[in-house]
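A.B. asks: Got a predicted model here, sequence first, then my questions.
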Amino acid sequence: MTPKMIERTFSAWFIYGWGSLLAILIVALVFIVYAVLWGSVPLGPLDNSLTFTDNGAIFKINVWVVALVIYFISVVLHELLHAVGYRWGGVPWSDIKFGIIWKGFFPYAHCKIPLAVAPYRRAIWLPGLITGLLPTILGIAVGVEVLALYGATMLSGAVGDLLMLWDLRALKPDALIQDHPNKAGYYLLVE
């Protein structure tokens, strides 16, 4: 018997709307906690240029350019970590596809085969944990502004994943789902 596929997808407006609200709350919380512990908001590293010297020559690099390059590298890392999560769940590399949903400008790592909810959840939370939560906690704990700011930025970039995890909360760990091939969301497979 072929399982019935129940589509659970999210519009770009839903993700951007709720995502923006959650992102603002996450960044504000990180800034408040950092400010309470260290007496400043973690924006200090972004208010000037990076200066390097080489044999008497002085080179200045705009820190916003560096931040933008790091951000784009981190977005790629985020999607690679989703793929690592899929692999952790037993999915072969040949069944993982990378791309961008241009309509909402969502980069993605797509699992082409059905997967139980438990390993799917791991694949979803792994990037937010590694690139977001851990750097945020470490940056706040040791007072490194740039690390706290990086973590807060990456946490805010994982809000779509948080919304997906929230949607999956009622499903049993062994329920089968299929990652949606071209929308933000999934299919629930039911007998």
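C.D. replies: Sure thing, it's come through.

A.B. asks: in the helix or strand hosting Tyr186, what counts as buried?
C.D. replies: Using DSSP states H and E, Tyr186 sits in strand 184-190. Across strand 184-190, burial judged by 16 or more other C-beta atoms under 10 Å covers Ala184, Gly185, Tyr186, Tyr187, Leu188, Leu189. Every C-beta, even on glycine, is put in place using the N, C-alpha and C of the backbone.

A.B. asks: for it, packing partners?
C.D. replies: Contact analysis of strand 184-190 by 3 or more C-beta pairs under 8 Å, 6 or more residues apart in numbering; DSSP states H and E lists strand 4-10, helix 159-168, strand 176-179 as its packing neighbours.

A.B. asks: Apply 6 Å and report the result again.
C.D. replies: With contacts taken as 3 or more C-beta pairs under 6 Å, 6 or more residues apart in numbering; DSSP states H and E, strand 184-190 sits against strand 4-10, strand 176-179.

A.B. asks: So for the nearest residue to Asp179 once chain neighbours are set aside, what pLDDT did the model give?
C.D. replies: Sequence neighbours aside, Cys111 is the residue nearest to Asp179 in space, at 4.3 Å (criterion: C-beta to C-beta, 6 or more residues apart in numbering). Listed pLDDT for Cys111 reads 95.

A.B. asks: how about Cys111, what does it touch?
C.D. replies: Neighbour list for Cys111: Tyr86, Val91, Asp179 [criterion: C-beta atoms under 6 Å, 6 or more residues apart in numbering].

A.B. asks: contacting residues around the last one?
C.D. replies: Taking C-beta under 6 Å, 6+ apart, we find Asp179 in contact with His110, Cys111, Tyr186.
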